[in-house]
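A.B. asks: Structure for this input, please:
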Amino acid sequence: MKTVTFTDFRKRASGFITEVEHGETIVLLRRGKPVAEVIPFSDKFRTPSWKQPGIRLRIPGSDLSSAIIEERETSR
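C.D. replies: Predicted coordinates:
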């Protein structure tokens, strides 16, 4: 990973983009603080984590709702 000032990136953008094409990651700094990350393009479509399906738990035997209903009926 390479760190470059924003001004330097503007002056030599073509060269830095070539480096990114070859797999380099560049972090752009403005006033000494990171503001952007230039990474190589990936053909893989990544689904955001908030859109990915959640974990589903399966327990062998009866399901929880049946167990709760049974417990309620036996406690009457």
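A.B. asks: Can you list the buried residues in the helix or strand that contains T7?
C.D. replies: Assessed by DSSP states H and E, T7 sits inside helix 6-11. Neighbour-count burial for helix 6-11 flags F9 (criterion: 16 or more other C-beta atoms under 10 Å). The way it works is simple: take the backbone N, C-alpha and C, and place the C-beta from them, glycine included.
A.B. asks: for that helix, packing partners?
C.D. replies: Counting contacts by 3 or more C-beta pairs under 8 Å, 6 or more residues apart in numbering; DSSP states H and E, helix 6-11 packs against strand 26-30.
A.B. asks: Now for the residue nearest to T5 when sequence neighbours are not counted, how many residues are close by?
C.D. replies: Excluding its sequence neighbours, the residue lying closest to T5 (C-beta to C-beta, 6 or more residues apart in numbering) is L29, at 5.1 Å. By other C-beta atoms under 10 Å, 16 other residues sit near L29.
A.B. asks: partner residues bridging L29?
C.D. replies: Judged by DSSP bridges, the bridge partners of L29 are T5, P34.
A.B. asks: Which pLDDT does the model give it?
C.D. replies: Note on L29: pLDDT of 96.
A.B. asks: next one: S62
C.D. replies: With respect to pLDDT, S62 scores 67.
A.B. asks: Could you do I59 as well?
C.D. replies: Per-residue pLDDT puts I59 at 69.
A.B. asks: Repeat that for H22.
C.D. replies: On pLDDT, H22 comes in at 94.
A.B. asks: any idea which helix or strand comes after the helix holding T7?
C.D. replies: Following helix 6-11 toward the C-terminus (DSSP H and E): helix 13-21.
A.B. asks: That following helix vs strand 26-30, what angle?
C.D. replies: Here the directions of helix 13-21 and strand 26-30 differ by 140 degrees (axes from the mean of the first three to the mean of the last three C-alpha atoms, to 10 degrees).
A.B. asks: Which positions within helix 13-21 qualify as buried?
C.D. replies: Buried, per 16+ other C-beta under 10 Å, within helix 13-21: 16, 19.
A.B. asks: All set, thanks.
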